[in-house]
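S.K.: Sequence and computational prediction follow.
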Amino acid sequence: MVLALPDQWIWDSWYAHDGERWHAWFLKADKSLINPELRHFNVSQGHAVSDDLVNWTHLGTSLAPAEGPAWDDFTTWTGSVLQGPDGIWHLFYTGSRQSEEGLYQRLGHATSTDLHSWERVGDGLCLDLVGPNAKFYEADFAEGHWHDRAMRDPWVMPDPEGDGYLMFFTARVPDVREPNAGGAIGFATSPDLMTWTLQPPVFAGGYGQLEVPQVFEAGGSWYCLFCTAAEHFSKEQAEQTPGGPVTGNHYLIGDGPRGPWRIAPGPFLDGANPCRRYAARIVEDNGQLMIMGFADRGEDGHFLGHVMDPEPVDIRSDRLLQVRPRTQAAE
């Protein structure tokens, strides 16, 4: 079984457990578009539930772009969900505006009591690349240098080192001559999930973009999962990667959630050409780390567009991560 819809493509996904069952949210678009590359700007968020991460029940659309002129009237892209101390659930997501042709991304916030019907907090906008710390980011669209003003894929978690919350997101840093060396993991902090302060990035370099970051602790070590494409490796990183650039999921290793972070050495964690799985997440189920992401390309290069079944992820003795393919996991 996989998380798939007969009439819609699925791609980026994120997960939460409510104490009884798993919830998945994901980007989806109608296959009637014919060309899957059009899906990004014809998107809504779907919601499904499962008891085992394998068998899913689709509950329909949970969030869509705002009606009328708004900062998120064009797209509602990838995000993350967590529960606040009062039991309210919080969705942080990416939005873009039609009048800007989706070139500028910003981060939004909505809340829910049932994990399906989301209500924007105010107009939904919770963070933009503005203020004194915006100077640490590529805060304007660098036309001819990169294809967008990157600020997306928020990952929000409680601060394990004190009160409050941490947000990590896909971003870029300014004044880097090689476009593929300017990718960054952006950072913000909040005392209460409502008011956010932009901070300098916690990591930059290696790739043109580090998409869908997920920061987590496992086995006493800190990891930041991300995804990127073969064409977005910096020259230096391409030379350092055994086997060369691939498209898929890799990770940073850190001393804590604020870093310092470094690119995990050795082989790329979960990549292939053409890409097998993208925009992955790590979830823990019954004490085992599992990787989940969407099936990207078939052997003939066509887009697949469904969430693959989970595969185990092991922590080696050297603290590096290793995916155990399903064929091995079943043995």
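M.R.: Arrived safely.
S.K.: longest single helix anywhere in the protein?
M.R.: For the chain, the longest helix by residue count, based on DSSP state H, is helix 235-240.
S.K.: Quick check: next helix or strand after that helix?
M.R.: Following helix 235-240 in sequence order, the next helix or strand is strand 247-254 (DSSP states H and E).
S.K.: by contact count, what packs against the helix or strand that that next one is followed by?
M.R.: Counting by DSSP H and E, the next helix or strand C-terminal to strand 247-254 is strand 261-263. The contact analysis (3 or more Cβ pairs under 8 Å, 6 or more residues apart in numbering; DSSP states H and E) places strand 261-263 against strand 247-254. In short, each C-beta sits where N, CA and C put it, glycine included.
S.K.: Buried ones in the one helix or strand residue 48 maps to, by neighbour count?
M.R.: Per DSSP H and E: residue 48 is located in strand 44-50. With burial defined by 16 or more other Cβ atoms under 10 Å, the residues of strand 44-50 counted as buried are 44, 45, 46, 47, 48, 49, 50.
S.K.: would TSV of those residues with pLDDT and distance to residue 106 be doable?
M.R.: Listed next are the buried residues of strand 44-50 as TSV, based on pLDDT from 0 to 100; distance: Cβ to Cβ, whole Å:
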residue	pLDDT	distance to residue 106
44	98	18
45	98	16
46	98	22
47	98	22
48	98	26
49	98	29
50	98	31
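S.K.: Turn those into CSV, columns for distance to residue 142.
M.R.: Shown next, in CSV, are those (distance: Cβ to Cβ, whole Å):
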residue, distance to residue 142
44, 29
45, 28
46, 33
47, 35
48, 37
49, 41
50, 41
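S.K.: Looking at those, spot the one nearest residue 174.
M.R.: When those are compared for distance to residue 174 (Cβ to Cβ), residue 45 wins out at 30.8 Å.
S.K.: Now the closest one. Nearest residue, chain neighbours left out?
M.R.: Spatially, and ignoring its direct neighbours in sequence, residue 45 is nearest to residue 63 (4.2 Å; Cβ to Cβ, 6 or more residues apart in numbering).
S.K.: Quick check: pLDDT value at the one you found.
M.R.: pLDDT for residue 63: 98.
S.K.: Same check on residue 253?
M.R.: 98.
S.K.: For it, grab the count of nearby residues.
M.R.: Burial measure for residue 253: 18 neighbouring residues, criterion other Cβ atoms under 10 Å.
S.K.: For it, give its distance to residue 213.
M.R.: 13 Å (Cβ to Cβ, to the nearest Å).
S.K.: In what element of secondary structure is the residue nearest the centre of the chain found?
M.R.: The centroid of the chain falls nearest to residue 212 when counting by Cα atoms, centre = their mean (2.1 Å). Residue 212 is part of strand 211-218, with elements assigned from DSSP H and E.
S.K.: May I have that strand exported as PDB, CA atoms only?
M.R.: Extracted in PDB, the C-alpha atoms of strand 211-218 (Å, rounded to 0.1, in the frame of the first residue of the first chain):
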ATOM      1  CA  GLU A 211      14.600  21.900   0.900                       C
ATOM      2  CA  VAL A 212      12.100  20.600   3.400                       C
ATOM      3  CA  PRO A 213      14.400  20.700   6.500                       C
ATOM      4  CA  GLN A 214      13.500  18.600   9.500                       C
ATOM      5  CA  VAL A 215      15.500  18.900  12.700                       C
ATOM      6  CA  PHE A 216      15.400  16.100  15.200                       C
ATOM      7  CA  GLU A 217      17.400  14.300  17.900                       C
ATOM      8  CA  ALA A 218      17.900  10.600  17.800                       C
END
